[in-house]
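**Student:** The following block contains a protein sequence and its predicted model.
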There are 4 protein chains.
Amino acid sequence: MTQRKTKRTVNRLPPERRISDIMAAAREVFTEKGYSESLISDIAERAGVVEGTIYRFFTNKRDLLLRVAEEWYVEMISKDAAGFEAVKGEWNRLHYLIYHHLLSIKRDPGLSRLVFLELRPDPLYRETRLFTLNRDYTRRIADVVREGMANGVFRADASPSLVRDMVFGAVEHRTWSFLRSEGDFDPEGSAQALADMIYAGLLPHTELARDTVLARLDKVAGRLERAAERLAPPIA
Amino acid sequence: MTQRKTKRTVNRLPPERRISDIMAAAREVFTEKGYSESLISDIAERAGVVEGTIYRFFTNKRDLLLRVAEEWYVEMISKDAAGFEAVKGEWNRLHYLIYHHLLSIKRDPGLSRLVFLELRPDPLYRETRLFTLNRDYTRRIADVVREGMANGVFRADASPSLVRDMVFGAVEHRTWSFLRSEGDFDPEGSAQALADMIYAGLLPHTELARDTVLARLDKVAGRLERAAERLAPPIA
Amino acid sequence: MTQRKTKRTVNRLPPERRISDIMAAAREVFTEKGYSESLISDIAERAGVVEGTIYRFFTNKRDLLLRVAEEWYVEMISKDAAGFEAVKGEWNRLHYLIYHHLLSIKRDPGLSRLVFLELRPDPLYRETRLFTLNRDYTRRIADVVREGMANGVFRADASPSLVRDMVFGAVEHRTWSFLRSEGDFDPEGSAQALADMIYAGLLPHTELARDTVLARLDKVAGRLERAAERLAPPIA
Amino acid sequence: MTQRKTKRTVNRLPPERRISDIMAAAREVFTEKGYSESLISDIAERAGVVEGTIYRFFTNKRDLLLRVAEEWYVEMISKDAAGFEAVKGEWNRLHYLIYHHLLSIKRDPGLSRLVFLELRPDPLYRETRLFTLNRDYTRRIADVVREGMANGVFRADASPSLVRDMVFGAVEHRTWSFLRSEGDFDPEGSAQALADMIYAGLLPHTELARDTVLARLDKVAGRLERAAERLAPPIA
DNA sequence: CATGAATGAGTATTCATTCAT
DNA sequence: GATGAATGAATACTCATTCAT
């Protein structure tokens, strides 16, 4: 009649194992369904635990997501690290980082979406370890720029942070339709073209190639025009 | 018995007016609170209608958001159009578009977030008129590149779509902390630096042909003269 | 296949009716099961509405309980009011209030428990309308004491608030086992004995002045005559 | 691999010590947070044991609360016992018990609340040792009344149990706002006034002071009126 | 004896959308 | 056309208690 406790077989495991089981399950579920569609109960089941157990190790659902994303970043950072050290030359290093970033997105589009759409927009993102990890991850691009500037390979007035934004912004936009599951992208091709653009943009100004009479005149004319516009705006 | 109707003003307004009232209210609310925090009841109240009325003109909450975003794009596109036509020179045109895009984000961060976070990631985004509008909006960058290629100002192997992604991606990343309400950004400075990077990245690897220089000098001189004339017009 | 909306028959009723339906159902359920065991879904079902509808009229479950209790107090206060006015003499008025209070508890032990155990201990109880109602309800005892003091029937150094606490405290303790569903109690017997104790405790320590006795005898005789007349009215 | 045990101090203590540690911790926690807000894990931590250990000595959380309350009662009873014996005279004995009860509440408001709100309302309260202890504790008032009746100091028709309810009920009501942490109360003043009321209520009826012609007539009139009301209720 | 990881039941609340009046 | 009352689905989290080690 009064069916009470079903079983109650306490399956004792080392915490590290539990945590990694849960995180693996969470990564799966989050990746498949996105954050809000993911159910704690689903994650628990796949991890072979009960819902309550998840809350022994993770503050809440969001914390779990955060930890999964952090783990992913740690993975990405460490995985490339050795290879990166071996690469020489500014272009090659830019290319390496861009290419591997594209590969990571191709490998884990679900996690990428989560970071772009759930975690990064969060008002508390900056307080997050993920923010720090991401900063470390993206800083490598800026570091290459800084080195190039120190070597005299790149112009002295370049902006490392702008380059970082260009690279990661471009990659993100380039992969959006893929992240929306609509198409594919070519990591190698995109990496090459992007590296070329960035590299060329960073080279010092040669005589005729830039900032020559032509470019100067263009800019000056532009400034004059903008000034004129402010004084006498075109009749709309 | 208990007369309770607050007001019985069956406000019969022309549909266009209703629609614009609703969209104005929706824009306000969406901008202030983001999509999911926005309440249809709130929008209805600010628009001076009841919930049901909104559904006469809009399929659902998402459709309303979409229409608001579309209107914003139409606004942005038309607003810049005239000015853009007047701008000459590749660098200036790149700069113009980048600068005004940054200004739009600064002016309407709420709408920007909505597009980035709600609308664009949607699986059905491509079926949307917003997608088309955004394509038109961003195509202008690619068009500048194409023109430059045709003019011989830019290298023949440049990728207009990559440039588009670099520009809009970089802008987005540069403004993220602002969109998270954490800081500010300098539209003019960022626009200049970004235009410089892109421009330099697009120049031919070889020197410019001499005759091109001369031909373009003519053009530029002409523009200078016209600009000067606008600044100091001959006394009529 | 995709069984969606079950029905969707919108049953439109005047708000007063909905509210009273819900409150009636809530009173039933709360009375039967106590606060925390009561389910909103249960209340909704008995009221013939859907859960959401309850939240149109009541902020939350607790608010609903509060409103039910308030209604009960209003009921109790108004029900006794007319009768009370007709009662003359300090002892009789004390007795009347005590007796009817005991009757209320006997009639609605569930609500009594709720007030004693859920509502009154609440840290915000004083901010509640229920607090005000209860104050008005219990003040009547203190008022009788005050009147008696003014009339010289009771000693000048009596404490109306202490009497109030004695009366309502004693009643509560006397009915505890009943409220715990363990036994019964005798309202009439308890009311008499309690009124006697309180009355005696309030009399002046000295003897009554002779003329007072005579004056009051007149009044009492008059009341006796009128009462008798009501019992055996002259045949019309 | 990963050695993780924080401490391995298998603290083997005599059971009595364990029990008193746990009860002390429980008393603290229950007092501070109330029953349902109290966590077994919190109690365990403060007692320097783990959760499981508590269950070696106590059936469950409620049992622990019960034992804490019982201990409190034993404490209260034994503490006053000697002093009480030394007090002579009915008024003085009433006053002594009332005053010390008020002091106990003032000293341990948290435990008082627990008894009033958690333990006493329980359906199984009567089966509890706490019930017996409380009966012994409160019986002392009734005993004083009985003695007084035997001595001829109090009227023969007094009700010891009613007096008990009046005293403990009055005290409870008088201290409610204090127990809700809203104000304070004056033990000495309240004890005196309450003792006075009770004492006076228990004295034999003197000639003119009570139950004289006047009071008799009042009562009779009241009874007649009530009878009349039942026969012919006033038109509402 | 002690440990402490694992268990698992249980529910109030929101709000976009509908459709009878 | 307008109204706005009614609908109803959907889910994270807590913590007393147990029992394998």
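**Tutor:** In hand now; what should we look at?
**Student:** Do me a favour and average the pLDDT over whatever helix or strand residue A:54 lives in.
**Tutor:** According to DSSP states H and E, residue A:54 maps onto helix A:51-57. When pLDDT is averaged over helix A:51-57, the result is 92.
**Student:** now for it, which elements pack on it?
**Tutor:** helix A:15-33, helix A:40-47 (3 or more C-beta pairs under 8 Å, 6 or more residues apart in numbering or on different chains; DSSP states H and E). Quick note: C-beta positions are derived from backbone N, CA and C, even for glycine.
**Student:** when you scan the last one, is anything in it near DNA strand E?
**Tutor:** No. Contact of helix A:40-47 with DNA strand E is not found when judged by C-beta under 7 Å from any atom of the strand; the minimum separation is 7.7 Å.
**Student:** Output the contacting helices and strands for that helix.
**Tutor:** Packing contacts for helix A:40-47, counted by 3+ C-beta pairs under 8 Å, 6+ apart, involve helix A:15-33, helix A:51-57.
**Student:** now the longest one
**Tutor:** Packed against helix A:15-33, as judged by 3+ C-beta pairs under 8 Å, 6+ apart, are the following elements: helix A:40-47, helix A:51-57, helix A:61-86, helix A:109-114.
**Student:** so can I have a markdown table of those helices showing mean neighbour count?
**Tutor:** Below are the helices and strands packed on helix A:15-33 laid out as a markdown table (neighbours: other C-beta atoms under 10 Å in any protein chain shown):
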| stretch | mean neighbour count |
| --- | --- |
| helix A:40-47 | 17 |
| helix A:51-57 | 15 |
| helix A:61-86 | 16 |
| helix A:109-114 | 20 |
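**Student:** Assess the claim that residue A:98 and residue A:193 are in contact.
**Tutor:** No. With the criterion set as C-beta atoms under 8 Å, residue A:98 and residue A:193 do not qualify as a contacting pair; they are 9.6 Å apart.
**Student:** residue of chain A with the smallest distance to chain B?
**Tutor:** Evaluated by C-beta to the nearest C-beta, chain A has residue A:169 as its residue closest to chain B, separated by 2.6 Å.
**Student:** residues touching that residue, list them.
**Tutor:** Under the criterion of C-beta atoms under 8 Å, 6 or more residues apart in numbering or on different chains, the contact list for residue A:169 reads B:165, B:166, B:168, B:169, B:170, B:171, B:172, B:173, B:174.
**Student:** Let me know the helix or strand that it is in.
**Tutor:** For residue A:169, the enclosing helix or strand under DSSP H and E is helix A:160-179.
**Student:** Can you add mean pLDDT and give the helices and strands packed on helix A:51-57 back as TSV?
**Tutor:** Conversion of these to TSV gives the following (pLDDT from 0 to 100):
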stretch	mean pLDDT
helix A:15-33	91
helix A:40-47	92
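**Student:** Between these, which one is closest to DNA strand F.
**Tutor:** Relative to DNA strand F, the nearest member of these by C-beta to the nearest atom of the strand is helix A:40-47, separated by 3.8 Å.
**Student:** what distance separates that closest one from the middle of the whole chain?
**Tutor:** 27 Å (C-alpha atoms, centre = their mean, to the nearest Å).
**Student:** so does it get close to DNA strand F?
**Tutor:** Yes. Judged by C-beta under 7 Å from any atom of the strand, helix A:40-47 and DNA strand F are in contact via A:40, A:41.
**Student:** how about low-confidence regions in chain A?
**Tutor:** A:1-10, A:205-236 (pLDDT under 70).
**Student:** in it, what residue is nearest DNA strand F?
**Tutor:** Checking chain A residue by residue against DNA strand F with C-beta to the nearest atom of the strand singles out residue A:52 as nearest, at 3.1 Å.
**Student:** gap between that residue and residue A:66?
**Tutor:** Noted for residue A:52: a distance of 20 Å to residue A:66, by C-beta to C-beta, to the nearest Å.
**Student:** Contacts only, for residue A:204.
**Tutor:** Under the criterion of C-beta under 8 Å, 6+ apart, the contact list for residue A:204 reads A:152, A:154, A:155, A:156.
**Student:** Name the residue of chain A with the shortest distance to chain D.
**Tutor:** With distances taken as C-beta to the nearest C-beta, chain A approaches chain D most closely at residue A:16, which sits 6.5 Å away.
**Student:** And that residue, how far from residue A:75?
**Tutor:** Relative to residue A:75, and taking C-beta to C-beta, residue A:16 is found at 16 Å.
**Student:** can you pull the contacts of the nearest residue to residue A:48 once chain neighbours are set aside?
**Tutor:** Spatial nearest neighbour of residue A:48, chain neighbours left out: residue A:21 (6.5 Å); criterion: C-beta to C-beta, 6 or more residues apart in numbering or on different chains. Residue A:21 sits next to A:13, A:47, A:48, A:49 when contact means C-beta under 8 Å, 6+ apart.
**Student:** Tell me, how many residues neighbour residue A:126?
**Tutor:** Other residues near residue A:126 number 14, with proximity taken as other C-beta atoms under 10 Å in any protein chain shown.
**Student:** isn't it right up against residue B:182?
**Tutor:** Yes. Under the criterion of C-beta under 8 Å, residue A:126 makes contact with residue B:182 at 6.5 Å.
**Student:** any idea which element residue A:98 lies in?
**Tutor:** Element membership of residue A:98, judged by DSSP H and E, is helix A:90-107.
**Student:** And that helix, what's buried?
**Tutor:** By neighbour count, with 16 or more other C-beta atoms under 10 Å in any protein chain shown as the criterion, the buried positions of helix A:90-107 are A:90-91, A:93-105.
**Student:** ok so, going back, can you tell me which of the helices and strands packed on helix A:40-47 comes nearest to residue B:110?
**Tutor:** helix A:15-33 (27.3 Å; C-beta to C-beta).
**Student:** gap between that closest one and the chain center?
**Tutor:** Its chain's average C-alpha position is 21 Å from that of helix A:15-33, according to C-alpha atoms, centre = their mean.
**Student:** returning to that earlier point: got the contact list for the helix holding residue A:54?
**Tutor:** Outside of helix A:51-57, the residues within contact range by C-beta under 8 Å, 6+ apart are A:15, A:18, A:19, A:22, A:40, A:41, A:43, A:44, A:47, A:64.
**Student:** among these, which two are most distant?
**Tutor:** Across the contacts of helix A:51-57, the two members that end up farthest from each other (C-beta to C-beta) are A:15 and A:41, 21.5 Å apart.
**Student:** Which among the contacts of residue A:21 count as buried?
**Tutor:** When neighbours are counted using 16+ other C-beta under 10 Å, the contacts of residue A:21 contain these buried positions: A:47, A:49.
**Student:** So of the contacts of residue A:21, which two are at opposite extremes in space?
**Tutor:** Based on C-beta to C-beta, the longest span within the contacts of residue A:21 runs between A:13 and A:47 and measures 10.7 Å.
**Student:** Can you give the domain ranges for chain A?
**Tutor:** Split into domains by automatic domain parsing, chain A comes to A:12-58, A:65-231.
**Student:** Columns distance to residue D:84 on top of these, output as JSON lines?
**Tutor:** Output for those, formatted as JSON lines (distance: least, C-beta to C-beta, whole Å):
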{"stretch": "domain A:12-58", "distance to residue D:84": "51"}
{"stretch": "domain A:65-231", "distance to residue D:84": "62"}
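**Student:** Which one, of these, ends up nearest to residue D:60?
**Tutor:** domain A:12-58 (18.7 Å).
**Student:** Show the end-to-end separation of that closest one, please.
**Tutor:** Distance between the two ends of domain A:12-58: 18 Å, counting by C-alpha to C-alpha, to the nearest Å.
**Student:** Kindly report the same for stretch A:32-52.
**Tutor:** With C-alpha to C-alpha as the measure, the first residue of stretch A:32-52 is 22 Å from its last.
**Student:** what kind of secondary structure is residue A:35 in?
**Tutor:** For residue A:35, the secondary-structure state derived from DSSP: H, G, I helix; E, B strand; the rest coil is coil.
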